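Chemist: just a sequence and a predicted model for now, questions to come.
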Amino acid sequence: MLEFFVLAAILIGSAIWTIAASKPVYSVVALLLNFATIAVLYVTLSAEFLAVIQIIVYSGAILVLFVFVIALLSSGVAPFATGPNRLPKIWLPAAVVALAGFAFLVYAVSKAPVVPTRAAGPVGIANVFGSVADFGTALFTVQLLPFEVTALILMVAVIGVITLGGEQMREATPRGHERVVEREMREAILREGKG
Amino acid sequence: MPVSIGHYVALAAILFFIGVIGVMVRRNPLVMLMSIELMFNAANILFIAFARVWLQNAGQVFAFLVITVAAAEAAIGLAIIVTTFRPQKYVDVDDVRALHG
């Protein structure tokens, strides 16, 4: 019970830090803290496999992608030194909308019946709910179709990224450079043969 | 006071609305994408909390699907950001007017 409130405090604090940080790199650091804390929360909810996936995919892959893009975009002249954010202008409407939505959600939650949490067995034991074996069995038997849809989504993403970045890459590489290198190598081989 | 499912719903709602405020308020497209990741994670917390309550695996599998979608979305979104803002001097969403009509 205590761990939930500690984790919730860290989560909310790091989320606010993420959207309030002045530089995007600070946002990435705050988001890293947020994702790591969510992984701990998943462990307390006996979702072991997803805790590991959270660390690998979010903290590993996605945040590294963010850092790469920050490095790529800030290689020019101080691109993030933009003017003020919209914060002064629409701070009040944003807060009102968010608070109204949150109040509605709290009301809906208070109306919902309280479901007691059932025992799921300790974390780290095989073949109980949430263990890697349990999750894997579900993924490859009952939930096979969503798993294959996942592969389709990733393939569409790869094709999309190549389509977006392909034009730039073709312009960036010097045209015919490989062919020049190949011809020089062939001539060198011919010279060796004659000599 | 034991932790019930309502606490998790409230936590997810708070995180989701922090993400909404981030998308609405910030002008940096990178921070907006990070706010979208915050919203994805709020949804994931709910999926996994409800899976824990009902002891059903389907919620965890769907959270896995959401993580995949988030990864694909981050990759495509960052590629769009790079291709859009590389030639520009400043990274500001308000400067993008190519589809303005």
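Modeler: Good, I have the coordinates. Numbers count the residues shown, from 1 in each chain, chains lettered A, B, ... in the order given.

Chemist: now chain B, which segments are flagged as low pLDDT?
Modeler: Scanning chain B for pLDDT under 70 picks out B:1-3, B:101.

Chemist: pull the longest helix from it.
Modeler: helix B:58-85 (DSSP state H).

Chemist: also chain A?
Modeler: Chain A, longest helix under DSSP H: helix A:144-172.

Chemist: between that helix and helix B:58-85, how big is the angle?
Modeler: 10 degrees (axes from the mean of the first three to the mean of the last three CA atoms, to 10 degrees).

Chemist: show me what counts as buried in helix A:144-172.
Modeler: Neighbour counts over helix A:144-172 (16 or more other CB atoms under 10 Å in any protein chain shown) mark A:Thr150, A:Ile153, A:Ala157, A:Val161, A:Leu164 as buried. From N, CA and C alone the C-beta is placed, and that goes for glycine too.

Chemist: go through those and say which is closest to chain B.
Modeler: The shortest approach to chain B among the buried residues of helix A:144-172 belongs to A:Ala157, at 3.4 Å (CB to the nearest CB).

Chemist: tell me the pLDDT of the closest one.
Modeler: In this model, A:Ala157 is scored at 92, pLDDT.

Chemist: for the closest residue to it other than its chain neighbours, give its distance to A:Ala21.
Modeler: The spatially closest residue to A:Ala157, leaving aside those adjacent along the chain, is B:Ala72, at 3.4 Å (CB to CB, 6 or more residues apart in numbering or on different chains). Remark: distance between B:Ala72 and A:Ala21 (CB to CB, to the nearest Å) = 25 Å.

Chemist: kindly report the same for A:Ile55.
Modeler: 22 Å.

Chemist: of these two, which one has the most company?
Modeler: A:Ala21 (19 against 16; other CB atoms under 10 Å in any protein chain shown).

Chemist: check contacts around the closest residue to the more buried one other than its chain neighbours.
Modeler: Distances taken as CB to CB, 6+ apart place A:Ser27 nearest to A:Ala21, at 4.4 Å, with adjacent residues excluded. Listed by CB atoms under 8 Å, 6 or more residues apart in numbering or on different chains, the contact set of A:Ser27 reads A:Trp17, A:Thr18, A:Ile19, A:Ala21, B:Leu30, B:Val31, B:Met34.

Chemist: out of those, who's nearest B:Thr84?
Modeler: Checking those against B:Thr84 with CB to CB, the nearest one is B:Leu30 at 11.8 Å.

Chemist: need the three-state assignment for B:Lys89.
Modeler: Classification of B:Lys89 using DSSP: H, G, I helix; E, B strand; the rest coil returns coil.

Chemist: tell me the pLDDT at A:Phe140?
Modeler: Value for A:Phe140, per-residue pLDDT: 91.

Chemist: B:Phe47 versus the residue nearest to it when sequence neighbours are not counted, what's the distance?
Modeler: Excluding the flanking residues, the one nearest A:Phe140 by CB to CB, 6+ apart is A:Phe147, at 7.1 Å. Relative to B:Phe47, A:Phe147 is positioned 16 Å away (CB to CB).

Chemist: repeat for A:Leu50
Modeler: A:Leu50 is 9 Å from B:Phe47, by CB to CB.

Chemist: of those two, who's got more company?
Modeler: A:Leu50 (28 against 22).

Chemist: let me know the helix or strand that the residue nearest to A:Ala21 is in.
Modeler: Taking DSSP states H and E as the criterion, A:Ser27 maps to helix A:24-44.

Chemist: between that helix and helix B:58-85, how many degrees?
Modeler: Going by the same axes, to 10 degrees, helix A:24-44 makes 170 degrees with helix B:58-85.
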